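>>> Compute the structure for the input listed below.
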Amino acid sequence: MMIQDKTVDILLVEDDANDAALTLRALKQRNIGERVFHVIDGDEALEFIFATNLYGEWEPANTPRLILLDLRLRKVSGLSVLRELKAHERTKVIPVVVLTSSREEIQSIESYKLGVNSYVVKPADSKKFAQVIGDIGYYWLTINQRPYP
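Residues are numbered from 1 along each chain as shown. Take a look at the predicted model:
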């Protein structure tokens with residue numbers, strides 16, 4: 001999805017095409033999906049966030065207001081992306097919600113140690129999945145008070 005003015009509300013980092021489509025549809029149904037950008041692996045997520053390589057012409061200041069991050073990604077894992085985000089002053093304040101099918105306690109604990117804002121296990125039922133995604137988007141973009149403009 002191409003964003004004309006390069007302003008992004010949500011960065012979706014998801015390698016599963018079905019989960020990505022469900023997520024984008026759920027956000028759009030709640031009128032939250034206008035400025036969502038989807039990347040398919042951890043490497044591309046880091047390039048986007050830090051405005052390098054493919055996204056070198058983007059301004060690094062145009063950071064997303066929310067990142068929805070899958071943990072099981074190709075190239076660079078979701079935990080590695082999270083670690084990199086939370087290590088930089090400019091990006092550590094971006095809310096990150098892990099969306100994963102993993103119920104492994106060790107991944108949840110590690111995510112929170114790295115500074116994740118929320119850890120959500122993807123519901124298997126598509127209607128529940130859509131409801132959860134809509135609620136997450138609504139909360140983080142509408143209700144939550146951001147630490148920066």
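>>> Tell me the spacing between residue 119 and residue 113.
Per C-beta to C-beta, to the nearest Å, residue 119 is found 11 Å from residue 113. C-beta coordinates here come from the backbone N, C-alpha and C atoms, glycine included.
>>> Neighbour count: these two, which is higher?
Each of residue 119 and residue 113 has its neighbours counted (other C-beta atoms under 10 Å); residue 119 has more, 19 against 12.
>>> Quick check: which element contains that one?
Here residue 119, judged by DSSP states H and E, is contained in strand 118-121.
>>> Packing partners of that strand?
Packing contacts for strand 118-121, counted by 3 or more C-beta pairs under 8 Å, 6 or more residues apart in numbering; DSSP states H and E, involve strand 96-100, helix 105-114, helix 126-138.
>>> so which of these is the most packed in?
Each of the helices and strands packed on strand 118-121 was scored by mean neighbour count; the highest is strand 96-100, a mean of 23, by mean count of other C-beta atoms under 10 Å.
>>> Give me the contacts around that strand.
Outside strand 96-100, the residues that touch it by C-beta atoms under 8 Å, 6 or more residues apart in numbering are 14, 19, 23, 66-72, 78, 82, 85-86, 107, 111, 115-122, 133, 136, 140.
>>> what does the average pLDDT come to for it?
Mean pLDDT, strand 96-100: 93.
>>> so that strand versus helix 105-114, what angle?
Orientation note: strand 96-100 sits at an angle of 170 degrees relative to helix 105-114 (axes from the mean of the first three to the mean of the last three C-alpha atoms, to 10 degrees).
>>> so how far is strand 96-100 off the chain centroid?
Strand 96-100 sits 7 Å away from the centroid of its parent chain (C-alpha atoms, centre = their mean, to the nearest Å).
>>> Tell me the strands beside that strand, with direction?
strand 66-69 (parallel), strand 118-121 (parallel) (DSSP bridges).
>>> just checking, next helix/strand downstream of the first one?
Later in the chain than strand 66-69, the nearest helix or strand by DSSP H and E is helix 78-86.
>>> Kindly write the ChimeraX command that selects the buried subset of the contacts of strand 96-100.
Listed next is the ChimeraX selection for buried residues among the contacts of strand 96-100, using 16 or more other C-beta atoms under 10 Å:
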select :14,19,23,66,67,68,69,70,71,78,82,85,86,107,111,116,117,119,122,133,136,140
